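Asker: build me a model:
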Amino acid sequence: DGTTWTAMTGLPADVSDQGTCFKVNGVSANDVWISCTSGTTLHWDGTQLSPVVITAAAQDQDSLFSISCSSKLCATVGGAFDGVLYENAGSAWKSALPPGGPVLTGVAVSGTDAYAVGQAGVILRRTDSGWVTDGKPVTTENLHAAWIDPMGGGWAVGGMFDSSPTTEGVLLYKGDTPPTSLP
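Answerer: Reported below is the predicted structural model:
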C-alpha cells in the first residue's frame, strides 16, 4: 500500500518450508526476480509470484545466492560445490558458465555491463563472447556482492563473512574515476 511492509503469501512449499530466499532485484513493479535455494527463482509479474525452477540447478541442489536484472538481461549465481551462473534474456534461464568454477555469491547487471563475484576473490565480467575472468584477483577473500554505479564503475565487497565474527572486510572498485577517500 506504499506505507507498510506486508508479508507475501503463496511462496512455493519447497522455499517456505525447507529453503530460503536470498536476494531480490527487478526492473519495474511488474518484473521482479528473487533467488532461492534448490535452483528456484521466483518471478513477480505485478499480479502473482510464480516459481521458475532452473532444472540443472535444482538437480544439483544449487542455491542461487544472488540475482540482478536490467531491462535486457537477468543473471543469477550460486552453487553447491562448483559455481553456477544462469542468464535469462526474456525467454528462459540458460547456463552461462562451464562446470567447475568457484562458487559465485554476487552478481550485478546494468544496461551495458555485468559482473559476478565469489570465492577467493574471483571476478567475472560479461563480454560479447560470454563470461570471462576480469583480470588477476586482487584479494583472496571471498566476495559476496557486486554493484555497477550510474557512471559504470564496478564495486565488489566481501571478507570472511561465513564465520563469526565476520572479519577481513574488503572493498574493491573498478572504474574511470576512483573514489578519492573513504570516511
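
Asker: CA only for contacts and neighbour counts going forward, please
Answerer: Will do.

Asker: for the chain, give me the ranges with low pLDDT.
Answerer: 1, 182-183 (pLDDT under 70).

Asker: for L143, see how far away the spatially most central residue of it is.
Answerer: Most central in the chain under Cα atoms, centre = their mean is S66, positioned 2.7 Å from the mean C-alpha point. Distance of S66 to L143, computed by Cα to Cα, to the nearest Å: 12 Å.

Asker: now the common contact residues for those two.
Answerer: 105-106 (Cα atoms under 8 Å, 6 or more residues apart in numbering).

Asker: buried set for stretch 150-167?
Answerer: 152, 154-160 (16 or more other Cα atoms under 10 Å).

Asker: looking at those, which is nearest L85?
Answerer: A156 (17.0 Å; Cα to Cα).

Asker: chain neighbours aside, what residue packs nearest to that closest one?
Answerer: A146 (4.4 Å; Cα to Cα, 6 or more residues apart in numbering).

Asker: mind telling me what element the residue nearest to the centre of the chain is part of?
Answerer: strand 63-69 (DSSP states H and E).

Asker: in its sheet, what does that strand sit against?
Answerer: strand 74-79 (antiparallel) (DSSP bridges).

Asker: now the residue lying closest to T166 once chain neighbours are set aside: how far from G101?
Answerer: Spatial nearest neighbour of T166, chain neighbours left out: M160 (5.4 Å); criterion: Cα to Cα, 6+ apart. M160 sits 20 Å away from G101, taking Cα to Cα as the criterion.

Asker: over to Y86?
Answerer: Applying Cα to Cα to Y86 and G101 gives a distance of 13 Å.

Asker: of those two, who's got more company?
Answerer: Between Y86 and G101, counting by other Cα atoms under 10 Å, Y86 is the more crowded of the two (19 against 16).

Asker: the residue lying closest to the more buried one once chain neighbours are set aside - how many residues pack around it?
Answerer: Sequence neighbours aside, S95 is the residue nearest to Y86 in space, at 4.5 Å (criterion: Cα to Cα, 6+ apart). When neighbours are counted by other Cα under 10 Å, S95 registers 16.

Asker: start at 38, not 1
Answerer: All set: I'll call the first residue 38, so the last point we hit is now S132.

Asker: beta partners of G167?
Answerer: T164.

Asker: correct me, but it touches P135?
Answerer: No: shown here, G167 and P135 do not form a contact pair, counting by Cα atoms under 8 Å, at 10.7 Å.

Asker: now W168: closest residue in space that isn't a chain neighbour?
Answerer: Closest to W168 by Cα to Cα, 6+ apart is R162, at 5.5 Å.

Asker: so how far is the helix or strand containing that neighbour from its chain's centroid?
Answerer: According to DSSP H and E, R162 maps onto strand 160-164. Centre-to-centre, strand 160-164 and its host chain are 13 Å apart (Cα atoms, centre = their mean, to the nearest Å).
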